[in-house]
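Visitor: here is my input, please return the structure:
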Amino acid sequence: MKKNVLYLVAAVFVGLLCGYFIFGTNSTAPGEKVHNDHDHEEVGSNEMWTCSMHPQIMQSEPGDCPICGMDLIPAETGADGLSANEIKMTENAIALANIQTTIVGSVAGASGDNSILLSGKIVPNDENNAVQASYFDGRLERLHVNYEGQKIQKGQLLATIYSPNLVAAQQELLTTATLKESQPALYEAVRNKLKLWKLSDAQIAAIETTGKVEDNFPIYATVTGTVTEVTAREGDYVKQGQPILKVSNLTTVWAEFDAYENQISSLKVGQKIKVVS
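Guide: The predicted structure is shown next:
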């Protein structure tokens, strides 16, 4: 009996000793702060999460990137004094995100010295534009000036036209020339009609002298300038007054600039401007 009691006491002693080593070391002394998983969660609650491929994505909790779907990773904040709404990117990340920077001024278009930088273009002076037209109906047999940018001089041959009306008018001139003593009014009427068709006195006199009717009649330039547009081609039938060429005198030109509404108030009459190409 005594032997059984001794075994029981020994078992209880061994049990107490094992319990001390297992549970006694995790006990908390009075006044000691207890650390648990909940505390770790509170510490990490201010952590921001970003995407390795899209660093502009910043979220307060982990998840998937809304752009590419990749898992978000903790953002490196606080190491260099960055706040929660700031990010730091490596050169490789900047290249992958295709980020570009530029200097932003206080006023768009201002050069810093109260001047305004405007874009524009040089255009012909509309006041010096002219139209070389056909003064009678006919067919363009030959066009001597046929491309834009070609310079012409006043009196230069531009085109040759076949005009049945002009052929008939020349025949009337030859007929009335024989009657100019008896019917001077009729003779002058025919001459004036030819002058309205821009025939010079020398051309009219040549027809009377030679007695020959010209089938193809020349058209000469009435202005000096540069061809800006060719509106007819060889073989075209043109009407009286129909443009053949458009000519501009480029001795003076206009500069047209584009300005925003908030810049118009800075523009004054007589203001000096500098034009650069």
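Visitor: what's near enough to touch the residue lying closest to V167 once chain neighbours are set aside?
Guide: Of all residues not flanking V167 in the chain, V213 sits nearest, at 5.8 Å (C-beta to C-beta, 6 or more residues apart in numbering). Using the backbone N, CA and C atoms, a C-beta is placed for each residue, glycine as well. If you count contacts by C-beta atoms under 8 Å, 6 or more residues apart in numbering, V213 has them with V167, Q170, Q171, L174, I207.
Visitor: next one: the residue nearest to A97 when sequence neighbours are not counted from I67, what distance?
Guide: In this structure, A97 finds its nearest non-sequential neighbour in P55, 6.3 Å apart by C-beta to C-beta, 6+ apart. Using C-beta to C-beta, to the nearest Å, P55 is found at 11 Å from I67.
Visitor: the more surrounded of the two?
Guide: Each of P55 and I67 has its neighbours counted (other C-beta atoms under 10 Å); P55 has more, 18 against 11.
Visitor: gap between the more buried one and A169?
Guide: From P55 to A169 the distance is 85 Å (C-beta to C-beta).
Visitor: which SS state does N192 fall under?
Guide: Classification of N192 using DSSP: H, G, I helix; E, B strand; the rest coil returns helix.
Visitor: leaving out the residues flanking it, which one is nearest to M48?
Guide: Closest to M48 by C-beta to C-beta, 6+ apart is A75, at 4.3 Å.
Visitor: count the neighbours of the closest residue to Q263 other than its chain neighbours for me.
Guide: Of all residues not flanking Q263 in the chain, I116 sits nearest, at 5.7 Å (C-beta to C-beta, 6+ apart). Residues within reach of I116, counting by other C-beta under 10 Å, total 17.
Visitor: repeat for Q183
Guide: Considering only other C-beta under 10 Å, Q183 is surrounded by 12 other residues.
Visitor: which residues touch the nearest residue to it once chain neighbours are set aside?
Guide: Spatial nearest neighbour of Q183, excluding adjacent residues (C-beta to C-beta, 6+ apart): T176 at 6.8 Å. By C-beta under 8 Å, 6+ apart, the contact set of T176 is Q183, L186, Y187, V190.
Visitor: how about the third one, what does it touch?
Guide: Right, Y187. Contacts of Y187 by C-beta under 8 Å, 6+ apart are T176, A177, L179, K180.
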